[in-house]
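A.B. asks: Coordinates for the following, if possible.
(2 chains)
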Amino acid sequence: MSSTRTIQGQKNLQNINQASKDGIGGSPLRPDGTLKVKGEFAYSSDMWHEDMLWGMALRSPHPRANILGVDISEALKVPGVYAVLTHQDIPGSKYYGLEIQDQPALAIDKVRYHGEAIALVAADHPETARRAVKKIKVEYEVLTPIVTEEQCLDPETHGYVHEPHEFKSHGYGNICHEQRLVSGLGVTDEVRAMADVIVSGEYEVGMQDQAFLGPESGLAVPAEDGGIDLYIATQWLHVDRQQMAPVLGLPEEKVRLTLAGVGGAFGGREDISMQIHACLLAQHTGKPVKIVYARDESFYGHVHRHPAKMRYEHGATRDGKLVFADCRIVLDGGAYASASPAVVGNAASLGHGPYVIPNVKMHAIALYSNNPSCGAMRGFGAVQAAFGYESQMDKLAEKLGMDPVELRQLNAMAEGDSMPTGQRIDSPAPVAELLQRVKDMPLPPPLDTEDLDIRAVPGALSNTSHGEGIVRGVGYSVGIKNVGFSEGFDDYSTARVRLEVIGGEPVAMVHTAMAEVGQGGVTVHAQIARTELGVEQVTIHPANTEVGSAGSTSASRQTYMTGGAVKLAAEAVKQALIEKGRRRYGWTQKDISLVGGKVVSESAGVLVPIVDLLGDQAIDLTREHHHRPTQPFDKETGQGFGHVQYTFCANRAVVDVDVDLGLVKVVELTAVQDVGKALNPLSVVGQIQGGCTQALGLAVMEEIIVKDGKVRNASFTDYLIPTILDTPPIPVEILELPDPHAPYGLRGVGEAPTVSATPSIVAAIRQATGLALNRIPVRPEHITGTL
Amino acid sequence: MRVTFTANGKPVEADDVWEGESLLYVLRERVGLPGSKNACEQGECGSCTVYLDGTPVCSCLVAAGQVQDREVRTVEGLSEENGELGLVQQAFIDAGAVQCGFCTPGLLVQTDALLEQDAQPSDNDIREALSGNLCRCTGYEKIMDAVRLASARKCAGKGASE
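C.D. replies: Modelled structure (predicted):
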């Protein structure tokens, strides 16, 4: 550990200090911002060690094959190669997984998806490693991949991705997980007869990628005690360790993880990627090993958003009241389970949208296939469903001759209503108000065809059009997302807060294992410490496994959960300090708090400066924050108090469509979201705008193209994410209706806009073109009809 | 081979450079300047943008040998000589345009170059100039704010002297 350094001296792996007066509700600037704009912030791919080696994996070119033999002898002869490993070199358990331990750390006897890792090389230069990887000879018996829903559901004919006996939790063909839900009378012929109007549709969502910019990377350093230190970009240090230690054959305490700078995550770092590989190579060579994925390897090396096929049927009365919803959602989970079971739970329980529907039937399943593995991505099962139910709402409005926003408002759920799971919504649910606000916001001016800047029209810089054939459309949507881990998971976070006098000033130190992935948690933690402890100076300790788990930076949960833990720990420190004062000075007041560096009583004024009371003694306390317990959903009925909090966002999209060329330019994408309490309004707005932009990507451009199980566009040349030219102004309005069950009344922010914004863009394109558009991303050929 | 060039005003030399190495690799792994980022290494994302003889380029697309005796300026060279943040750097922080920050070094160099050419760009000018720099976190709104802020400060003559 002592010999480890980055080129830049690991500045962000040391404490980050910041002085500010801003507590919660303010917008102090990021404590890591200065390092980031100077290029001095050390991301995981910047880790460096004097005598480090470079690791690289050999990946399968086939989605499904038996491995008949692996010959590493030629690779070992390449000068500069230190190790070549296969599954036979794994010292411990060969499998790992987030929910089901079904994934081999290196392929054993067969490969199940295109890009699966088979062998590892450690060498003195990345090019040496690349050349050695090419010299590994693998003999395959190539098999026909199981890739369609029909193939997956007929294993007798097409085979199994995993043999039925392979995993205890898995024993029913190629279905990884399923969840049914029935509420009210369910959906029967009698229920259907109660509806005046019925609309149905089949919808399809392509495979989206998180496409975070910082590649999967890290540095594994073997330690003298036989353990290992890993500097890593991840979303959850402790769950990585939990999966890694058994494979490395080490007790957990000998696997020490420190968070290196994370270049975005969006769910894609919730699973293990190169963590185990780097550590295995470090164990075998006794040297530090760095792995940095190239972009194509990143596309192969992490799980994606589940592609979905959905069937929806909605019935309503003539005046627009929903009577029933019948839904089937099929998610392709790919080769390994990853987070598929939880994604299915979300799709099933949130798949009806933020609407009151008296009678519901739902069946959501995730399949095992030989397609790339899918797991967590921002919106987590709620995104796919939102495209389905919001498309249905527009269809229903059209059939009823109603305004689509009014139809949504008529059926909008509110506090006190019940979810189809039977769970009562016991905090504000301002769905109708969000829609009203987004509708009331001013529209952008019409396209100025007189004085046209062609950069503003679809096709923009390609000079494809000068305004002819352009039609404008407007669309609306609203979505629902859960916050935190659900279905009975004991979701918690840990924080350590220390208060001491440094340089004559009271300084608070906050130590958690929260993965700062760009969302701004480090800023908010400092704000909470300032608010509770009345100090200006806060130090953020590097996130590592020396402190208890913070849980994952996902499910919009970190401000709620780790923020909540920081609040608890800071309150405990405050109470301990006040108790110290009571003992020393005999205070009897009940209204004592810490403000502006002083211990004050509302009734008696300033009692003593914090520095005088603390002296040279530090108060250092650790607390865990658990959210209130949830329940698993009943397997058949889907009933249960499954989610801890709900969050809502409404959007309006304005688009210009070039109907001749099939090109879409989103002109404006407006968002209104209830955030409960904006702890840092600047960051909240940034999260909402970023979430909307990923939704825009899914609506019109982002898709991993998989044909016969093979990935066809594993690069930023071919997988398109929105540029600044593709992204419109995103006006944001926030509501702050406190959730009585959450710390400070806050609501998780990050995912709701990604759930809700996609359907608004598709609705706007439909309005402009009159086309049905049942598949996303909407491509030019869908608009021009030249598919 | 040995490559010698100027990085942020200082002479540097790198030994044993393999012919296929990019300027990006040499900067990050050999010269101790990892500020330029390695997101796609295909010239698509702009995260590795540096000045080469005053022109912004994707350093992943420049072969190391091409920079022999030339001048490179990276994000590390955007700060003032006294270590104070440059005008564009400060604007990105103030506007909240930095989230994960991985795209930030490339955006800073590209924005710096834009404002050198045109201190008062229109929104469409900004979008055109930055269209080669991908950002996955911010939705670009705060980046637009940052560039407008930097432009305003530059025109007002405030902040760092460029």
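
A.B. asks: give the contact list for the residue most central in space within chain B.
C.D. replies: The centroid of chain B falls nearest to B:V109 when counting by C-alpha atoms, centre = their mean (2.7 Å). Counting by C-beta atoms under 8 Å, 6 or more residues apart in numbering or on different chains, B:V109 touches B:T49, B:V50, B:Y51, B:P56, B:R73, B:T74, B:V75, B:L78. C-beta here means a position set from N, CA and C on the backbone, and glycine is covered the same way.

A.B. asks: Okay, and it sits in which element?
C.D. replies: Following DSSP states H and E, one finds B:V109 within helix B:104-117.

A.B. asks: Please spell out which residues along that helix are buried.
C.D. replies: Residues of helix B:104-117 classed as buried: B:T104, B:P105, B:G106, B:L107, B:L108, B:V109, B:Q110, B:T111, B:D112, B:A113, B:L114, B:L115 (neighbour count, 16 or more other C-beta atoms under 10 Å in any protein chain shown).

A.B. asks: got a list of what the closest residue to chain A within chain B touches?
C.D. replies: Proximity of chain B to chain A (C-beta to the nearest C-beta) peaks at B:G35, 2.1 Å away. Residues in contact with B:G35 (C-beta under 8 Å, 6+ apart) are A:K38, A:G39, A:E40, B:T74, B:V75, B:E76, B:P105.

A.B. asks: Would you map the helices across chain B?
C.D. replies: For chain B, helices defined by DSSP state H occupy the ranges B:23-25, B:87-94, B:104-117, B:123-129, B:141-156.

A.B. asks: who does the first one touch, helix- and strand-wise?
C.D. replies: Spelled out, it's helix B:23-25. Judged by 3 or more C-beta pairs under 8 Å, 6 or more residues apart in numbering or on different chains; DSSP states H and E, helix B:23-25 has no packing partners among the helices and strands.

A.B. asks: buried residues in it?
C.D. replies: Those buried within helix B:23-25 under the rule 16+ other C-beta under 10 Å are B:L23, B:L24, B:Y25.

A.B. asks: Export these as CSV, with columns for pLDDT.
C.D. replies: CSV is the format used below for the buried residues of helix B:23-25 (pLDDT from 0 to 100):
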residue, pLDDT
B:L23, 98
B:L24, 98
B:Y25, 98
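
A.B. asks: Quick check: of these, which lies closest to A:G388?
C.D. replies: Checking these against A:G388 by C-beta to C-beta gives B:L24 as the nearest, at 42.9 Å.

A.B. asks: Now for that closest one: which residues touch it?
C.D. replies: Going by C-beta under 8 Å, 6+ apart, B:L24 touches B:S36, B:N38, B:E41, B:C48, B:C58, B:S59, B:C60, B:V62.

A.B. asks: now do A:G691
C.D. replies: A:R378, A:C649, A:G750, A:E751, A:A752, A:P753, A:T754, A:A757, B:G139.

A.B. asks: Tell me which residues of the longest helix along chain A come out buried.
C.D. replies: Using DSSP H, we find that the single longest helix of chain A is helix A:558-585. Neighbour counts over helix A:558-585 (16+ other C-beta under 10 Å) mark A:558-574, A:577-578, A:580-581 as buried.

A.B. asks: sorry, back to before: with respect to A:S683, which of the contacts of A:G691 is nearest?
C.D. replies: Distances from A:S683 to the contacts of A:G691, taken by C-beta to C-beta, are shortest for A:G750, at 10.1 Å.

A.B. asks: Assess the claim that that closest one and A:G521 are in contact.
C.D. replies: No - A:G750 lies out of contact with A:G521 (C-beta atoms under 8 Å); the separation is 10.6 Å.
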